[in-house]
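**Student:** got a predicted structure here, sequence first:
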Amino acid sequence: MGVFVSWSGGKDSCLALHRAMKSGLRVDFLFTMLSEDGSKSRGHGLSKELLDAQARAIRIPIVYGEASWQTYEEEFKKIIRIQKRRGVQGGVFGDINLQEHRDWLERVCSETGIDIFLPLWKEEYEKLLNEFLGNGFVAVIVSAKADLIDAKWMGCPLDWEFVRYLRSKSLDLCGEKGEYHTLVTCGPIFKQRLRIVEFNKTLKNDQWVPDKLIFDAV
């Protein structure tokens, strides 16, 4: 079956992609919704150039939509309907336990006539983190809620030290409610490694976000 993977550039979508590939699904493309001007991902604020580099490193094409939050669903459906006419039959999503997200996905995918796959759904956080890190994936923390997570973690690796920090603060270990976001830079499905050359953070709307993120591929 030909599917797309909803792609944020972070750990959950990456692990969902990895599991989809291992299960035998044919991943035709990654799919990311961008801001209206097409410069950054709508959900995590990563630059299009960075997402393009990830797709090249994984050797899977990436497809984009551009929308505001008000036009998000309409644009999402439009892109999926176009891709369905080209043969895609399903979508893979990295959601873990947010029921409202699942409800939305099930409704929208049903309305566009494609199957939905949620390979991480209701898995234990520690199991997912063990699988991600144990398989050799590497990710860095690129954004976080400033009232919850100390600025010192920005640009640092997602590792067990950070997980212990989250546990000490009684925070969601996988950041399911947007506590933090990651950028995957390498792993078993990558043919190239992305290297963060320079990372500077800034505070925007009570959130730590990248102010400057320079990278290359090696």
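**Tutor:** Structure received. Predicted, not measured: the structure shown is a model, and the values here were computed from it.

**Student:** from residue 116, how far off is residue 25?
**Tutor:** 12 Å (Cβ to Cβ, to the nearest Å). All C-beta atoms are positioned from the backbone trio N, CA, C, and that covers glycine.

**Student:** ditto for residue 48
**Tutor:** With Cβ to Cβ as the criterion, residue 48 and residue 116 are 26 Å apart.

**Student:** ok, now residue 177?
**Tutor:** From residue 177 to residue 116 the distance is 21 Å (Cβ to Cβ).

**Student:** swap in residue 79?
**Tutor:** 16 Å.

**Student:** which neighbours do residue 25 and residue 116 have in common?
**Tutor:** residue 90 (Cβ atoms under 8 Å, 6 or more residues apart in numbering).

**Student:** which stretches of the chain form strands?
**Tutor:** For the chain, the strands defined by DSSP state E cover 2-6, 26-34, 62-66, 90-92, 115-117, 138-145, 180-186, 194-204, 207-217.

**Student:** a markdown table for those, including distance to residue 101?
**Tutor:** Compiled in a markdown table, those are given as follows (distance: least, Cβ to Cβ, whole Å):
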| stretch | distance to residue 101 |
| --- | --- |
| strand 2-6 | 10 |
| strand 26-34 | 14 |
| strand 62-66 | 17 |
| strand 90-92 | 13 |
| strand 115-117 | 11 |
| strand 138-145 | 18 |
| strand 180-186 | 15 |
| strand 194-204 | 24 |
| strand 207-217 | 19 |
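
**Student:** any idea which of the ones you listed is most buried?
**Tutor:** Among these, strand 180-186 has the highest mean neighbour count (mean count of other Cβ atoms under 10 Å), at a mean of 24.

**Student:** thanks a lot, catch you later.
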